[in-house]
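Asker: Sequence first, predicted coordinates after that:
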Amino acid sequence: MALQIEVVTLFPEMVQGALAYGVVGRAAKRGLMRVGTEDPRTHTADAHRTVDDRPFGGGPGMVMKPAPMLAAIAAAQARLPAGCPRICLSAQGALFGQEQARELPRAYQDSCSWPIAM
C-alpha cells in the first residue's frame with residue numbers, strides 16, 4: 001500500500017513542485033507514495049475566492065475564515081481511507097520533530113497509510 005498524504009494549502013502548485021524532487025519525488029515516481037493537495041479557495045462562494053478576514057475586534061494581521069478551511073479539510077479527508085487521522089500543524093502546537101515522525105507509522109500501521117493534513 002502506497003503512502004497517501006493530503007495537504008490543505010493555499011499554494012498547491014508550490015507544494016507539488018517542491019515534492020517532485022529528491023527522495024520524495026523518487027518515491028512518488030515509483031508509486032510508493034501519493035501526495036494530493038486541496039486549496040481552500042475552491043470552497044469559497046465569493047468572486048474573489050476570499051479565504052482570510054480581519055480579526056474580530058480589530059488588530060493587526062489577518063485570520064483564516066473557518067468555512068473554506070473546514071470544507072477543504074473535509075474534501076482532503078474524503079480522499080483518504082476511513083479512520084485515518086488528521087495531523088494539523090500550527091504555530092501554537094507542540095514541536096513536531098524526528099521522534100514524532102518516527103512514531104507515526106507505528107501508531108497507524110494497522111488502520112491506514114499515514115495521511116497528513118496541514
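Answerer: In hand now; what should we look at?
Asker: Only the buried residues of the biggest helix by length in the chain, if you could.
Answerer: Longest helix in the chain, counting residues (DSSP state H): helix 66-78. Within helix 66-78, the residues that count as buried by 16 or more other Cβ atoms under 10 Å are Pro68, Met69, Ala71, Ala72, Ile73, Ala75, Ala76, Gln77. C-betas here are computed from N, CA, C, even on glycine.
Asker: mind checking how far the following helix or strand past that helix is from the chain centre?
Answerer: Where DSSP states H and E defines the elements, the next helix or strand beyond helix 66-78 is helix 98-108. Averaging C-alpha positions (Cα atoms, centre = their mean, to the nearest Å) puts helix 98-108 17 Å from its chain's average.
Asker: which residues of this protein score low on pLDDT?
Answerer: For the chain, applying pLDDT under 70 flags the ranges 1, 108-118.
Asker: follow-up on the earlier one: show me what the longest helix of the chain is packed against.
Answerer: strand 3-8, strand 33-38 (3 or more Cβ pairs under 8 Å, 6 or more residues apart in numbering; DSSP states H and E).
Asker: right, so those strands: which one is the most enclosed?
Answerer: Comparing the helices and strands packed on helix 66-78 by mean neighbour count (mean count of other Cβ atoms under 10 Å), strand 3-8 comes out on top with a mean of 21.
Asker: Now the element after that strand, going C-ward?
Answerer: helix 12-18.
Asker: Can you tell me what sits against that next one?
Answerer: Contact with helix 12-18 is made by Val7, Thr9, Val35, Thr37, Glu38, Asp39, as judged by Cβ atoms under 8 Å, 6 or more residues apart in numbering.
Asker: which two from these end up farthest apart in space?
Answerer: For these, the maximum inter-member distance is 13.9 Å, found between Val35 and Asp39 (Cβ to Cβ).
Asker: Next, the angle from the helix or strand encompassing Val23 to strand 33-38.
Answerer: Element membership for Val23, per DSSP H and E: helix 22-29. Inter-element angle recorded for helix 22-29 and strand 33-38: 90 degrees (by axes from the mean of the first three to the mean of the last three Cα atoms, to 10 degrees).
Asker: Can you give me the buried ones in stretch 83-91?
Answerer: Those would be Cys84, Pro85, for stretch 83-91 by 16+ other Cβ under 10 Å.
Asker: All good on my end, thank you.
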